[in-house]
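Asker: Here you go, sequence then predicted model.
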Amino acid sequence: MKLHDLRPNSGAKKKRKRVGRGIAAGQGKTAGRGTKGQGARSGGGKGIYFEGGQLPLARRLPYKRGFTNIRKIYYKPVNLGTLAEFDFEGATVTPELMAQIGLLKKPTDPVVVLGDGELAGPLTVQAHRFSASAKEKIEASGGTAELLPYEK
């Protein structure tokens, strides 16, 4: 086989339809556009928004107001009461540990510790954010609240 023998598979390349080239060509006179009307005119045809006079879908749907801030960080909440259920006495609670016990889906998720519930003993909690009451309760029980940096 040589380079000049190469051909595409039969049916792989379709010849384009040459319209308006006479009656003998099969697409002469009206060039497949039918006779008269909006579709026969140049630039004719209905827009994608047009639905035959019916109120278009874009206008039937409720308006989407405002905008979505792409830089917003969605924190995963964890309550102190939930942490107190586990026997962490004096341990360091990290997002990895929270994911391990099923409080988070992924250890990379940003975590906020909220102050709902009470702590029995001292606990070192590492999170990306703490509510004021959570920080207060952790320090009152003799533990520490360590802030973790968060990069997207």
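Answerer: Yep, that arrived. Numbering: from 1, shown residues only.

Asker: which residue ranges form the helices in this protein?
Answerer: 57-60, 80-85, 95-100, 132-140 (DSSP state H).

Asker: What residues does Ala120 make contact with?
Answerer: If you count contacts by C-beta atoms under 8 Å, 6 or more residues apart in numbering, Ala120 has them with Ala84, Glu89, Ser141. Where C-beta positions appear, they are placed from N, C-alpha and C, glycine not excepted.

Asker: sorry, that was for Gly121
Answerer: Taking C-beta under 8 Å, 6+ apart as the test, what Gly121 contacts is Glu89, Gly90, Ser141, Gly142, Gly143.

Asker: got the helices of the chain as CSV, with mean pLDDT and mean neighbour count columns?
Answerer: Rendered in CSV, the data for those read as follows (pLDDT from 0 to 100; neighbours: other C-beta atoms under 10 Å):
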stretch, mean pLDDT, mean neighbour count
helix 57-60, 85, 10
helix 80-85, 90, 17
helix 95-100, 93, 17
helix 132-140, 95, 16
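
Asker: Would you state the strands of the chain in chain order?
Answerer: Ranges of strands in the chain, per DSSP state E, are 76-79, 92-93, 111-114, 124-127, 129-130, 144-147.

Asker: Quick one, which of those gets closest to Gly37.
Answerer: Gly37 lies closest to strand 76-79 among the strands of the chain, at 59.4 Å (C-beta to C-beta).

Asker: burial of Ser42, as a residue count?
Answerer: Using other C-beta atoms under 10 Å, the number of residues around Ser42 comes to 6.

Asker: and if you look at the one 4 residues further on?
Answerer: The criterion is other C-beta under 10 Å. On that basis, Lys46 has 10 neighbouring residues.

Asker: Let's have the strands of the chain in a markdown table, adding distance to Gln100, mean pLDDT and mean neighbour count.
Answerer: Listed next are the strands of the chain as a markdown table, based on distance: least, C-beta to C-beta, whole Å; pLDDT from 0 to 100; neighbours: other C-beta atoms under 10 Å:
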| stretch | distance to Gln100 | mean pLDDT | mean neighbour count |
| --- | --- | --- | --- |
| strand 76-79 | 13 | 96 | 17 |
| strand 92-93 | 11 | 92 | 18 |
| strand 111-114 | 13 | 96 | 22 |
| strand 124-127 | 14 | 94 | 20 |
| strand 129-130 | 20 | 96 | 20 |
| strand 144-147 | 18 | 95 | 14 |
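
Asker: Alright, I will stop here.
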